[in-house]
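In: Fold the following and give me the result.
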Amino acid sequence: MSYDKIQVAIVGAGASGLFLAKKLSEDARFQIVVFEKNRQVAAKVRASGGGKANIFNRDVRPEHYNAPKFASQLLSHFTPEDLDCQFSKWGLVTISDEEGRVYPASQFSQTVVDVLCDVPSNVKFELCYEVQTVGCQNNKWMINDYPEVFDYVVLASGSPANIIPKNRTHYNDYLKGLNLSAQPLRSSLSGFILKDYPKSLAGCRTKAIVSLFQGKKLIHKELGEITFKEDGVSGIVIMNLSAYYWRLPSQENCRLEINLCYWDESFDVKDYLSRNHNVIGLLHPKLAALYQQKPFSITRFSFPIAETYPLETAQVCHGGIDLSEVNADFSAKRYPKMFILGEMLDVDGVCGGYNLFFAFASAAIAARRMNVGH
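Out: Numbers count the residues shown, from 1 in each chain. The predicted model follows:
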């Protein structure tokens with residue numbers, strides 16, 4: 001049987017770009033070129049879940065994202081069960097923890113990358129290739145001066161989160177020529193730099209209930225382990241609070257409140273102190289030493305927030321291409337046969353596999369649309 005070839009350019013070999021390339025490669029009509037500026041593909045997938053690759057979560061709900069309406073729309077078309085089924089078809093065996101986080105059974109992120117890169121000959125990788133221009137002429141897409149032209153172009157080059165400053169200089173510069181509306185990029189899933197902070201706590205790690213307040217209003221609270229640094233705090237619970245922090249219309253007058261008696265929110269500290277002359281049996285040694293020097297509220301240890309840590313420490317970005325630029329199937333409204341996926345968009349979720357799920361789901365929905373289009 002003869003058929004016309006469908007040429008697809010994918011800019012970026014991250015989670016969404018690789019997933020899309022593999023999905024499209026199942027149809028021999030598609031000829032796919034994946035452009036990647038780095039020597040290796042899927043850097044963020046490799047780093048996910050502490051190197052184990054937390055690829056998604058079984059409990060994905062709209063409220064896990066900064067754009068719940070858009071996430072709800074996505075979930076009506078593609079679910080965690082759909083993603084699990086797809087990975088299973090590709091031979092990836094997965095396991096889940098008690099919080100619904102899904103990992104490869106190998107507990108090694110490279111396994112996920114190897115599965116995604118196990119593609120037939122209709123996929124070509126152009127590594128160490130920096131895309132500088134993306135243009136359209138006569139209904140065909142061009143990448144730089146690349147010798148081939150394409151029927152579709154897919155923007156999947158992620159965000160500058162977790163990338164050192166010198167490598168961010170020209171990151172995604174090709175977007176300038178497309179004039180897509182975008183929201184400012186800020187650190188999300190990052191630690192907080194705090195005001196009035198005691199440096200003596202650096203290196204302390206402890207479990208706590210941490211609350212984010214704006215003025216007197218409680219924005220969000222979670223239980224988890226926090227790490228005290230020289231100028232602030234980090235840890236999964238803190239990164240989640242940073243996501244809620246950037247969802248606020250303004251970041252003025254925000255503070256963290258830490259309850260060190262995490263095991264019992266009603267723990268009677270006053271009674272404990274009446275029966276004990278110090279807190280060495282209650283707190284981490286560094287916290288106990290600080291309390292002896294300058295007593296503080298053990299259940300409401302509070303610090304004003306100065307800012308989040310910079311982009312190179314962030315797992316994802318808050319901001320990106322505005323959702324008004326895309327349809328529900330991730331096709332661009334202003335450009336024919338262009339799709340915009342994953343972290344390129346102004347969608348970010350909390351920790352636990354929600355961001356990778358969004359990347360994979362956006363690719364799956366786009367693949368479905370591209371197949372229907374032909």
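
In: which regions of the stretch 1-150 of the chain lie under the pLDDT threshold?
Out: Where the stretch 1-150 of the chain drops to pLDDT under 70, the residues are 1-3.

In: give me that answer again for 50
Out: 1 (pLDDT under 50).

In: just the strands in it please.
Out: In the stretch 1-150 of the chain, the strands defined using DSSP state E, counting those that start in this stretch lie at 6-11, 30-35, 56-57, 94-96, 101-104, 123-126, 134-137, 140-143.

In: Export those to JSON lines and append columns for distance to residue 81 and mean neighbour count.
Out: Where C-beta positions appear, they are placed from N, C-alpha and C, glycine not excepted. Below are the strands of the stretch 1-150 of the chain laid out as JSON lines (distance: least, C-beta to C-beta, whole Å; neighbours: other C-beta atoms under 10 Å):
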{"stretch": "strand 6-11", "distance to residue 81": "26", "mean neighbour count": "24"}
{"stretch": "strand 30-35", "distance to residue 81": "26", "mean neighbour count": "23"}
{"stretch": "strand 56-57", "distance to residue 81": "10", "mean neighbour count": "26"}
{"stretch": "strand 94-96", "distance to residue 81": "12", "mean neighbour count": "15"}
{"stretch": "strand 101-104", "distance to residue 81": "11", "mean neighbour count": "22"}
{"stretch": "strand 123-126", "distance to residue 81": "26", "mean neighbour count": "16"}
{"stretch": "strand 134-137", "distance to residue 81": "34", "mean neighbour count": "14"}
{"stretch": "strand 140-143", "distance to residue 81": "34", "mean neighbour count": "20"}
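
In: Rebuild those as JSON lines, extending it with distance to residue 50.
Out: JSON lines is the format used below for these (distance: least, C-beta to C-beta, whole Å):
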{"stretch": "strand 6-11", "distance to residue 50": "28"}
{"stretch": "strand 30-35", "distance to residue 50": "26"}
{"stretch": "strand 56-57", "distance to residue 50": "15"}
{"stretch": "strand 94-96", "distance to residue 50": "15"}
{"stretch": "strand 101-104", "distance to residue 50": "10"}
{"stretch": "strand 123-126", "distance to residue 50": "27"}
{"stretch": "strand 134-137", "distance to residue 50": "34"}
{"stretch": "strand 140-143", "distance to residue 50": "35"}
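
In: can you pull out the helices in the protein?
Out: 15-25, 43-47, 68-75, 80-89, 109-117, 165-168, 236-246, 269-275, 285-293, 354-372 (DSSP state H).

In: can you tell which of the ones you listed is closest to residue 202?
Out: Among the helices of the chain, helix 285-293 comes nearest to residue 202, with 8.3 Å by C-beta to C-beta.

In: which residues sit against the closest one?
Out: 198, 200-201, 203-204, 206, 228, 260, 278-280, 282-283, 296, 298 (C-beta atoms under 8 Å, 6 or more residues apart in numbering).

In: go again using 7 Å as the cut-off
Out: By C-beta atoms under 7 Å, 6 or more residues apart in numbering, the residues outside helix 285-293 that reach it are 198, 200-201, 204, 206, 260, 278-280, 283.

In: among the residues you listed, which ones are buried?
Out: Among the contacts of helix 285-293, those classed as buried by 16 or more other C-beta atoms under 10 Å are 201, 204, 206, 260, 279, 283.

In: okay, the fifth one: pLDDT?
Out: The pLDDT attached to residue 279 in the predicted structure is 96.

In: follow-up on the earlier one: Throw the helices of the chain into JSON lines and include mean neighbour count and distance to residue 157, thanks.
Out: Shown next, in JSON lines, are the helices of the chain (neighbours: other C-beta atoms under 10 Å; distance: least, C-beta to C-beta, whole Å):
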{"stretch": "helix 15-25", "mean neighbour count": "27", "distance to residue 157": "8"}
{"stretch": "helix 43-47", "mean neighbour count": "18", "distance to residue 157": "11"}
{"stretch": "helix 68-75", "mean neighbour count": "16", "distance to residue 157": "20"}
{"stretch": "helix 80-89", "mean neighbour count": "15", "distance to residue 157": "22"}
{"stretch": "helix 109-117", "mean neighbour count": "20", "distance to residue 157": "16"}
{"stretch": "helix 165-168", "mean neighbour count": "11", "distance to residue 157": "12"}
{"stretch": "helix 236-246", "mean neighbour count": "23", "distance to residue 157": "21"}
{"stretch": "helix 269-275", "mean neighbour count": "11", "distance to residue 157": "50"}
{"stretch": "helix 285-293", "mean neighbour count": "15", "distance to residue 157": "42"}
{"stretch": "helix 354-372", "mean neighbour count": "24", "distance to residue 157": "12"}
